[in-house]
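Asker: 3D model of this:
(one chain, ligands or ions: 2)
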Amino acid sequence: MTSSSVGPASNTHDVIVVGAGPGGEDATTALLRAGLSVAMVESELVGGECFNWACVPSKAMLRAGHALRSAHRLPGAHEVISGPLQAAAVLAHRDEVISHRDDSGLVEGFTGAGATFVRGHGRLDGPRRVVVETADGRLVLTATLAVIVATGSTVAFPDVPGLAQAGPWTNREATSARRAPRRLTVLGSGAVALELAQAWRSLGSERVVVLSRRATLLPDLEPFAGELVLEGLRDSGVDVRFGVRVLRVDRSAAGGEVAVQLDDGTALVSDELLVATGKRPTTQDLGLEAAGLRPGEIVEVDDSMRVPGSDWLYAIGDVNGRALFTHQASYHARVAAAAIAARSQGAEPDFLAEADSYAVPRVLFTDPEVASVGLSHAQAVGRGIRARVVEADLGKVLGAQLHADGYRGRVSLVVDQDASVLVGATFVGQDVADMVHAASVAVVGRVPLERLRHVIPSFPTMSEVWLDLVPSAS
Ligand SMILES: Cc1cc2nc3c(=O)[nH]c(=O)nc-3n(C[C@H](O)[C@H](O)[C@H](O)COP(=O)(O)OP(=O)(O)OC[C@H]3O[C@@H](n4cnc5c(N)ncnc54)[C@H](O)[C@@H]3O)c2cc1C
Ligand SMILES: NC(=O)c1ccc[n+]([C@@H]2O[C@H](COP(=O)([O-])OP(=O)(O)OC[C@H]3O[C@@H](n4cnc5c(N)ncnc54)[C@H](O)[C@@H]3O)[C@@H](O)[C@H]2O)c1
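Answerer: Numbering: from 1, shown residues only. Ligands and ions are numbered 1, 2, ... in the order given. The predicted structure follows:
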């Protein structure tokens, strides 16, 4: 950590950014590029949850397991591989990738680019004012133009008797532990649960059980996504139990074990319990009252990221509840910075966050991966679109067979039949993460299906699956 304040000494800046996760970082960068002065306030670490305890360490923990399984799927490589992952080396690499949670280099990058950095807890204190509690005392910052709230989200704990007292893991412990727990129980079955369950199973946990209160996985995606991910998890040794509720948790058992009592009459004993049951906005202690808003709730914004009725308060990333992904926080940051810069010149912005409503991309980094964008078939129908789905077996594409012997994967496109454009796409399989960007371009650009016939995938890549899909979609 650095001293509490670094950069130009003034306490008045064009913009104050509260929270330096991916949203706050990218807003600061865009505002500086626009020639505005910025004070960046962060209570913990620059990089936020994503870089330090979420996206980045979890992906580093998953990658080696995926690489090992991929190699096992290729004749010639399979025969020469023996033994499991070296978990200690994977975890050391994880810690290296996130700079051992030392953000001094990031702070220097921002102050070197002209920002003022203040380490401390920020609270709104009336129009364009933020009070920061730092290690050295109380600092009052004033903005001439705007305050951007980018304080992210924190774990939402379900109300289960004994859970809080049992000292469960959240994503923070699950991405910083240095040894695999022998037995891990995971409460919840969303993205955090599935990625971290597979990661720890690959890293040596002997038994990993995921407890889902629902009957299927990934209910807001196409049904085949949840089915293929379930197969992949089970193949890698993760036990997924559906339709179960936790009645009680107790850590008082001998040996520090944690006992989870389920509503089907059974009990699970494990060494750690990971709570992965969703997030809530970090707005409890942010002074939202000063802006006429309610603490603890999401900060609702318009498509320029500004709070309706305010001419100075903006909110970006997880805290506005629009789409809880790092890339969306970054998109919001670019939109908010453009809006503040335009309004400082008396103009209205021409770059608004319209894609939040119809073209959010997402990748679930399990094996298999799920990469999707836009609407599922059910969502499209729900919006009154005359939608049709076309599907293809990715395993039949030569490019996929070259990635893995017996490649298993599936792709679907959702077509708006009246407009003759794509409104959604889903890719499931090994190494599909990057394939979704082409679909995002088609969805956002509303590329007519007729034009897609002229988009030629290179041979022999997995993108050749588009050659099956486009004629069926037209
Ligand atoms: C395990 C896990 C894995 C994930 N993987 C992915 C992934 O692969 N891809 C993806 O797109 N998304 C992923 N996500 C979601 C992603 O982490 C969030 O969408 C992203 O971090 C949101 O960025 P943000 O800037 O809004 O908030 P955050 O990253 O939460 O940053 C907010 C910052 O604000 C600071 N702060 C809060 N209150 C104050 C205050 N009052 N004063 C000063 N500072 C304050 C915090 O300390 C924090 O640094 C993952 C989430 C989890 C939990
Ligand atoms: N690869 C990625 O992009 C990635 C990875 C991890 C997280 N994220 C994002 O971060 C956010 C948080 O992820 P998450 O997995 O914590 O949330 P989530 O909302 O995706 O999943 C929460 C899960 O918890 C379950 N649940 C909720 N309350 C429960 C209760 N009382 N008892 C039992 N189960 C309960 C839900 O049914 C669901 O399965 C999400 O928006 C997610 O998309 C993204």
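Asker: My guess is Q379 contacts V389. True?
Answerer: No - applying CB atoms under 8 Å, one finds Q379 not in contact with V389, separated by 11.7 Å. From N, CA and C alone the C-beta is placed, and that goes for glycine too.
Asker: so which helix or strand takes in L228?
Answerer: helix 223-235 (DSSP states H and E).
Asker: Give the pairing partners of the helix or strand just after that helix; include direction for each.
Answerer: Towards the C-terminus, the helix or strand next in line after helix 223-235, according to DSSP H and E, is strand 238-241. According to DSSP bridges, strand 238-241 has the following sheet partners: strand 207-211 (parallel).
Asker: which outside residues touch the partner strand?
Answerer: Among residues not part of strand 207-211, those counted as contacts by CB atoms under 8 Å, 6 or more residues apart in numbering are 182-189, 193-194, 197-198, 200-201, 233, 237-241, 244, 246, 260, 262, 268, 270.
Asker: and it, how far from the chain's centre?
Answerer: 22 Å (CA atoms, centre = their mean, to the nearest Å).
Asker: And ligand 2, is it touching that?
Answerer: No - with CB under 6 Å from any ligand atom as the measure, strand 207-211 is seen stopping short of ligand 2, the closest distance being 6.8 Å.
Asker: And that strand, what's buried?
Answerer: Using 16 or more other CB atoms under 10 Å as the burial criterion, the residues of strand 207-211 that qualify are 207-211.
Asker: got the CA coordinates for that strand in CSV?
Answerer: Output of strand 207-211 as CSV, limited to C-alpha atoms (Å, rounded to 0.1, in the frame of the first residue of the first chain):
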residue,chain,number,x,y,z
ARG,A,207,-14.7,-34.4,-2.9
VAL,A,208,-16.5,-31.3,-4.2
VAL,A,209,-20.3,-31.1,-3.9
VAL,A,210,-22.3,-28.3,-5.5
LEU,A,211,-25.7,-27.7,-3.9
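Asker: quick one, it and helix 223-235 angle?
Answerer: Going by axes from the mean of the first three to the mean of the last three CA atoms, to 10 degrees, strand 207-211 is angled at 150 degrees with respect to helix 223-235.
Asker: count of neighbours near the closest residue to ligand 1 within the stretch 351-474 of the chain?
Answerer: When you check the stretch 351-474 of the chain against ligand 1 by CB to the nearest ligand atom, the closest residue turns out to be F365, at 6.0 Å. With neighbours defined by other CB atoms under 10 Å, the count for F365 comes to 20.
Asker: quick one: average pLDDT of stretch 338-357?
Answerer: Over the span of stretch 338-357, the pLDDT mean works out to 98.
Asker: Run through who's touching that stretch.
Answerer: Outside of stretch 338-357, the residues within contact range by CB under 8 Å, 6+ apart are 14-15, 30-31, 34-36, 145-146, 148, 303-306, 314, 322-323, 328, 331-332, 334-335, 444.
Asker: same question, stretch 44-52
Answerer: Residues beyond stretch 44-52 that count as contacts (CB under 8 Å, 6+ apart) turn out to be 19-25, 40, 42, 56, 98, 101, 103, 106-107, 110, 117, 152-153, 171, 326, 329.
Asker: Report whether that stretch contacts ligand 2.
Answerer: No - with CB under 6 Å from any ligand atom as the criterion, ligand 2 is not reached by stretch 44-52; the gap is at least 9.1 Å.
Asker: Figure out the helix or strand that L196 lives in.
Answerer: In this assignment (DSSP H and E), L196 forms part of helix 191-202.
Asker: Compute the first-to-last residue distance for stretch 95-103.
Answerer: Start to finish, the residues bounding stretch 95-103 are 13 Å apart (CA to CA, to the nearest Å).
Asker: what about V414, how many neighbours?
Answerer: A total of 27 residues lie near V414 under the criterion other CB under 10 Å.
Asker: again, but for L274
Answerer: 25.
Asker: Show me what secondary structure element comes after the helix or strand harbouring it.
Answerer: Here L274 sits within strand 272-275, counting by DSSP H and E. Along the chain past strand 272-275, the next helix or strand (assigned with DSSP H and E) turns out to be strand 279-281.
Asker: what does that next one contact?
Answerer: Looking at strand 279-281 with CB under 8 Å, 6+ apart, the contacting residues turn out to be 151-156, 296-299, 318-321, 324.
Asker: going on from that strand, what's the next piece of helix or strand?
Answerer: Read in the C-terminal direction, the helix or strand following strand 279-281 is strand 313-315, with elements assigned using DSSP H and E.
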